[in-house]
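Participant: Generate a structure from the sequence data that follows.
(2 chains)
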2 protein chains.
Amino acid sequence: MDMVQKILKGDKRSIARLITLIENQAEEVRELLKQLHKFTGKAITIGITGPPGAGKSSIVNFLAKKFREDNKKVGIIAIDPTSPFTGGAILGDRIRMQDLTLDEGIYIRSMGSRGALGGLSRASYDAVKVLDAAGMDYIIIETVGVGQSEVDIIKLADIVVLVLIPGMGDEVQAIKAGVMEIADIFVVNKSDLDGADRLITEIQLNLDLNQDKNRIKPPIIKTVATAGEGIAELNITIKDIHKRLHDSGLLQIKRKARICQELQELIREIHIKQIVSSFEAKIDIFTEKILKKEIDPYTAALAILNNKNGYISID
Amino acid sequence: MDMVQKILKGDKRSIARLITLIENQAEEVRELLKQLHKFTGKAITIGITGPPGAGKSSIVNFLAKKFREDNKKVGIIAIDPTSPFTGGAILGDRIRMQDLTLDEGIYIRSMGSRGALGGLSRASYDAVKVLDAAGMDYIIIETVGVGQSEVDIIKLADIVVLVLIPGMGDEVQAIKAGVMEIADIFVVNKSDLDGADRLITEIQLNLDLNQDKNRIKPPIIKTVATAGEGIAELNITIKDIHKRLHDSGLLQIKRKARICQELQELIREIHIKQIVSSFEAKIDIFTEKILKKEIDPYTAALAILNNKNGYISID
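Facilitator: Reported below is the predicted structural model:
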């Protein structure tokens, strides 16, 4: 109870503690989130993604400061790809964000994409909820978009900002299908570089070719994030897009999709725990059988699920 | 039947077709894999991982040629990270491997890590099985080790080769916990560069500190893969390690773990499909309730799983 009250008042230490509990999948998390749930839904969530080196962290940095000028509270969740080999580069980005942490109205949290399959999205949804209940007006979720799971998370933000830069080679063609479609706003960062206008033309062309009447056509904003250029316009555009998404009912549809996905994941997760532990002994027995080529894995899985104990003929 | 016979004879087109069916999760795959299962287990699987730019593809390239000198058949599965933004670099690696495809005794397949959660490992296991049944003596699985899921796959190869290079900054410290432990053989590639000896010392030190009596202490091989240097030694070391793993019973333990994991994944996957589809209507209803803050997602998930229809009080 105490922790919930503190979080509702925006206490950073309590927020941090609960998110750590979420990451560790602690038992008590469920009850705490249950109590927080009714206080959620007020924050605007903004997903920011793009290739490594596109300047996402700089944009987040300046955007957060811009939100603060309007006296809004800002939560930032930076999702790190879990590479066993990387380290430096990403850490560096995070360090650049450090000066934001001195601001009482900003809470930054870095979350690893490590852990169980499906764990990433669940943990990050839950973290967003904590920040939402804690009274953040804007919650920025930043990922380098390394994998499908990161894209899946971002996709479910209220507003998705896709950051691109000139000189990525075949530019828009290099962006795999499915990523262009999730963007509500395009940012062409480092727009002082050669090729920025060509990139914009390519994005335009792609948008014209793939027009979707059920969506708002995404605007394209030019920025030079390291100098803070274009951030004011991005801020205005975010507010405008948010209003249009809200008024058209599209925002509600997105939020429903997010809840629906979350619910499905939870059902899977809870159920799977029950299932796998209840079948443990059988899994051992059938592993032996598979090893001896007495049965193939798929038939074994079916046999376990169908509660059969005996041998199954192999043809 | 025809396709199975062709695969057993090593027909490349049939192999390719079946792996595509596996990637697309086609219905007929199960029956085909069932028939192939009893012909598997003969190939030696070698997982090769390491950071981007470590020269893994070159090593695979030369190693495959070395295996061919002994008239062994070689299957290669290159697992691409599914970044929506990358493209060029990895493709380039693959192109460098192209000359191998001209060899009748080599089959190369690139697999994306896209798709459903857990889908990567299942699909790659299945692909390994196809190559195994097709009579490959060695199956090399190469990943850039971008995410945990790639590491999970590699971990279950018979022999894991971890490729490192000097000058990665804090060298061994940069490698996250859990990766050092999966290596059966260390390769220090680009060993003509400054810092190679320091890297070797660091690996040695790390191995000495983390000795595990249930494992064979991993040898460290120096290579300059672009020139083919050290590949002969790597070949001999692989054979030696394989023999030692086999004779000690450790190989059998690894293979059992692989089957056990595969079985668990299959059980989950099959079961989840049944579960989620049977609950679809309820998920819709509860999504609305969550949106209206009448219930929180976790309680909703429990309610759906416990087959309750009614409202649940929120405290």
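
Participant: where does the stretch 151-300 of chain A have low pLDDT?
Facilitator: Across the stretch 151-300 of chain A, the ranges flagged by pLDDT under 70 are A:151-153, A:168-178.

Participant: Make sure residue A:50 is actually in contact with residue A:164.
Facilitator: Yes: when contacts are counted by C-beta atoms under 8 Å, residue A:50 is listed as touching residue A:164 (6.0 Å). Quick note: C-beta positions are derived from backbone N, CA and C, even for glycine.

Participant: So for those two, which residues contact both of them?
Facilitator: Common contacts of residue A:50 and residue A:164 (C-beta atoms under 8 Å, 6 or more residues apart in numbering or on different chains): A:187, A:189.

Participant: So for the residue lying closest to residue A:23 once chain neighbours are set aside, what's the pLDDT?
Facilitator: The spatially closest residue to residue A:23, leaving aside those adjacent along the chain, is residue A:123, at 5.7 Å (C-beta to C-beta, 6 or more residues apart in numbering or on different chains). Residue A:123 is assigned a pLDDT of 82 by the prediction.

Participant: How about residue A:86?
Facilitator: 46.

Participant: go on, the one 10 residues further on?
Facilitator: The predicted local distance difference test score for residue A:96 is 57.

Participant: The one 3 residues further on now?
Facilitator: Note for residue A:99: predicted pLDDT of 71.

Participant: neighbours around it, how many?
Facilitator: Look at residue A:99: counted by other C-beta atoms under 10 Å in any protein chain shown, it has 11 neighbours.

Participant: Show me the helices in the stretch 151-300 of chain A, by range?
Facilitator: A:171-174, A:196-209, A:231-248, A:250-278, A:280-291, A:297-305 (DSSP state H, counting those that start in this stretch).

Participant: can I get those helices in a markdown table with mean neighbour count and distance to residue A:108?
Facilitator: What follows is those, written out as a markdown table (neighbours: other C-beta atoms under 10 Å in any protein chain shown; distance: least, C-beta to C-beta, whole Å):
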| stretch | mean neighbour count | distance to residue A:108 |
| --- | --- | --- |
| helix A:171-174 | 16 | 30 |
| helix A:196-209 | 15 | 29 |
| helix A:231-248 | 16 | 18 |
| helix A:250-278 | 17 | 22 |
| helix A:280-291 | 17 | 41 |
| helix A:297-305 | 22 | 43 |
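
Participant: In TSV: the ones you listed, plus distance to residue A:75.
Facilitator: Putting the helices of the stretch 151-300 of chain A into TSV (distance: least, C-beta to C-beta, whole Å) gives the following:
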stretch	distance to residue A:75
helix A:171-174	31
helix A:196-209	29
helix A:231-248	15
helix A:250-278	16
helix A:280-291	40
helix A:297-305	42
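
Participant: so can I have TSV of the ones you listed showing distance to chain B?
Facilitator: Listed next are the helices of the stretch 151-300 of chain A as TSV, based on distance: least, C-beta to the nearest C-beta, whole Å:
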stretch	distance to chain B
helix A:171-174	5
helix A:196-209	14
helix A:231-248	14
helix A:250-278	4
helix A:280-291	5
helix A:297-305	4
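
Participant: of those helices, which approaches residue B:247 most closely?
Facilitator: Ranking the helices of the stretch 151-300 of chain A by proximity to residue B:247 (C-beta to C-beta) places helix A:280-291 first, at 17.9 Å.

Participant: now the angle from that closest one to helix B:250-278?
Facilitator: Inter-element angle recorded for helix A:280-291 and helix B:250-278: 120 degrees (by axes from the mean of the first three to the mean of the last three C-alpha atoms, to 10 degrees).

Participant: Next, the angle helix A:297-305 makes with helix A:280-291.
Facilitator: Going by the same axes, to 10 degrees, helix A:280-291 makes 150 degrees with helix A:297-305.

Participant: Please name every helix or strand in contact with helix A:280-291.
Facilitator: In terms of contacts (3 or more C-beta pairs under 8 Å, 6 or more residues apart in numbering or on different chains; DSSP states H and E), helix A:280-291 is packed against helix A:297-305, helix B:250-278.

Participant: which residues touch the first one?
Facilitator: Yep, that's helix A:297-305 we're talking about. Residues from elsewhere that reach helix A:297-305, judged by C-beta under 8 Å, 6+ apart: A:279, A:282-283, A:286, A:289-290, A:295, A:312, A:314, B:30, B:33-34, B:37, B:259, B:262-263, B:266-267, B:269-271.

Participant: thinking again about what came up before, helix or strand right after the helix or strand the residue nearest to residue A:23 falls within?
Facilitator: Taking DSSP states H and E as the definition, one finds residue A:123 inside helix A:119-133. Where DSSP H and E defines the elements, the next helix or strand beyond helix A:119-133 is strand A:138-143.

Participant: and that next one, what's its mean pLDDT?
Facilitator: For strand A:138-143, the mean pLDDT works out to 91.

Participant: and that strand, does that touch chain B?
Facilitator: No: on the criterion C-beta under 8 Å from any C-beta of the partner chain, strand A:138-143 is out of touch with chain B, staying 10.7 Å away.

Participant: what does that strand rub up against?
Facilitator: Here strand A:138-143 has contacts from A:43-49, A:56-57, A:60, A:63-64, A:67, A:72-79, A:81, A:124, A:128, A:131-132, A:150-151, A:153-154, A:157, using C-beta under 8 Å, 6+ apart.

Participant: rerun at 7 Å
Facilitator: Residues outside strand A:138-143 that contact it (C-beta atoms under 7 Å, 6 or more residues apart in numbering or on different chains) are A:43-49, A:56-57, A:60, A:63-64, A:67, A:72, A:74-79, A:124, A:128, A:131-132, A:150, A:153-154, A:157.

Participant: Next: stretch A:241-261.
Facilitator: By C-beta under 7 Å, 6+ apart, stretch A:241-261 touches A:44, A:156, A:158-159, A:184-185, A:216, B:283, B:287, B:290-291, B:297.

Participant: now stretch A:65-73
Facilitator: So stretch A:65-73 is in contact with A:74, A:103, A:105-106, A:135-138, A:231-232, A:235, going by C-beta under 7 Å, 6+ apart.

Participant: Quick one: list the elements packing against the helix holding residue A:123.
Facilitator: For helix A:119-133, the contact count by 3 or more C-beta pairs under 7 Å, 6 or more residues apart in numbering or on different chains; DSSP states H and E identifies helix A:2-8, helix A:12-23, helix A:29-37, strand A:74-80, strand A:106-112, strand A:138-143, helix A:148-155, helix A:250-278 as packing neighbours.

Participant: would you turn those into TSV with distance to residue B:8?
Facilitator: Shown next, in TSV, are these (distance: least, C-beta to C-beta, whole Å):
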stretch	distance to residue B:8
helix A:2-8	61
helix A:12-23	48
helix A:29-37	51
strand A:74-80	45
strand A:106-112	44
strand A:138-143	44
helix A:148-155	34
helix A:250-278	34
